[in-house]
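Student: no sequence for this one, just the structure:
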């Protein structure tokens, strides 16, 4: 239960802790830091950053010269 609280607090960037962060391994601390970063910038911004540029559109609109008169 304490871990769930730490993870949700890190993702929500609320600044609360139950004091178990110093007891975590180095990998656990890195996970907490990454969750804090993702929570700060936003999940959609992070996914867009990871995904890169969107591909060109797979469709195009037809073009026609219309003569009136």
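Tutor: Done, it's in. Just so it is clear, the structure is predicted and the values come from calculations on it, not from any experiment.
Student: so how far is residue 34 from residue 27?
Tutor: 11 Å (CB to CB, to the nearest Å). C-betas here are computed from N, CA, C, even on glycine.
Student: now for the helix or strand bottoming out on mean pLDDT in the chain, which elements pack on it?
Tutor: When each helix and strand of the chain is scored by mean pLDDT, DSSP states H and E, helix 43-51 comes last, with a mean of 81. Helix 43-51 sits against helix 26-41, with contacts defined as 3 or more CB pairs under 8 Å, 6 or more residues apart in numbering; DSSP states H and E.
Student: related to what we said a few turns ago, which one's more surrounded, residue 27 and residue 34?
Tutor: Using other CB atoms under 10 Å as the criterion, residue 27 and residue 34 rank with residue 34 on top: 13 against 8.
Student: so how far is residue 41 from that one?
Tutor: In terms of CB to CB, residue 34 sits 11 Å off from residue 41.
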